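Peer 1: sequence below, structure please.
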Amino acid sequence: MAKVERRVAVVNQAGLHARPCHQLASAALAGKSAVLVRCEDREADGRSILELMTLLAPQGAVLEFVVEGDDADAVAERLSQVVASGFGEPC
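Peer 2: Predicted structure coming up:
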């Protein structure tokens, strides 16, 4: 089982709110790997919209993805791309 870690900055102006958290959870749920998301001293299950919202990540915050499973690399890449794209919102 692979373990992959990625760090990516939140670029959209509004930071993490319900829609971006939904996009992240959907990206995590599309794979089979477990996903932990860290922001500063907080952690959340990457498959839970509600837990992701507790990260309170504003624009410029760095999210760290820790992905473990057979498809960890693909899931980590998908999550990183979702964040780097600004969730389709103004940056």
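Peer 1: make it CA atoms for all contacts and neighbour counts henceforth
Peer 2: Fine.
Peer 1: list the residues that contact Gln23.
Peer 2: 82, 87 (Cα atoms under 8 Å, 6 or more residues apart in numbering).
Peer 1: again, only using 10 Å
Peer 2: If a contact means Cα atoms under 10 Å, 6 or more residues apart in numbering, then Gln23 has 29, 47, 49, 79, 82-83, 87 as its contacts.
Peer 1: quick one: which helix or strand includes it?
Peer 2: Secondary structure here is read from DSSP states H and E; on that basis Gln23 sits in helix 18-29.
Peer 1: may I see the buried residues of that helix?
Peer 2: Within helix 18-29, the residues scored as buried using 16 or more other Cα atoms under 10 Å are 20-29.
Peer 1: likewise stretch 69-81?
Peer 2: Within stretch 69-81, the residues that qualify as buried are 69, 71-73, 75-76, 78-80, counting by 16+ other Cα under 10 Å.
Peer 1: what of stretch 28-45?
Peer 2: Within stretch 28-45, the residues that count as buried by 16+ other Cα under 10 Å are 28-29, 31, 33-39, 43-45.
Peer 1: which regions of this protein sit below the pLDDT cut-off?
Peer 2: Counting by pLDDT under 70, the chain contains no low-confidence range.
Peer 1: where along it do the helices fall?
Peer 2: In order along the chain, the chain carries the following helices (DSSP state H): 18-29, 49-53, 72-84.
Peer 1: please convert the contacts of Gln23 to JSON lines, extending it with distance to Ala9.
Peer 2: Supplementary listing: these in JSON lines, determined by distance: Cα to Cα, whole Å:
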{"residue": "Leu29", "distance to Ala9": "21"}
{"residue": "Arg47", "distance to Ala9": "19"}
{"residue": "Ile49", "distance to Ala9": "19"}
{"residue": "Leu79", "distance to Ala9": "12"}
{"residue": "Val82", "distance to Ala9": "11"}
{"residue": "Val83", "distance to Ala9": "7"}
{"residue": "Phe87", "distance to Ala9": "12"}
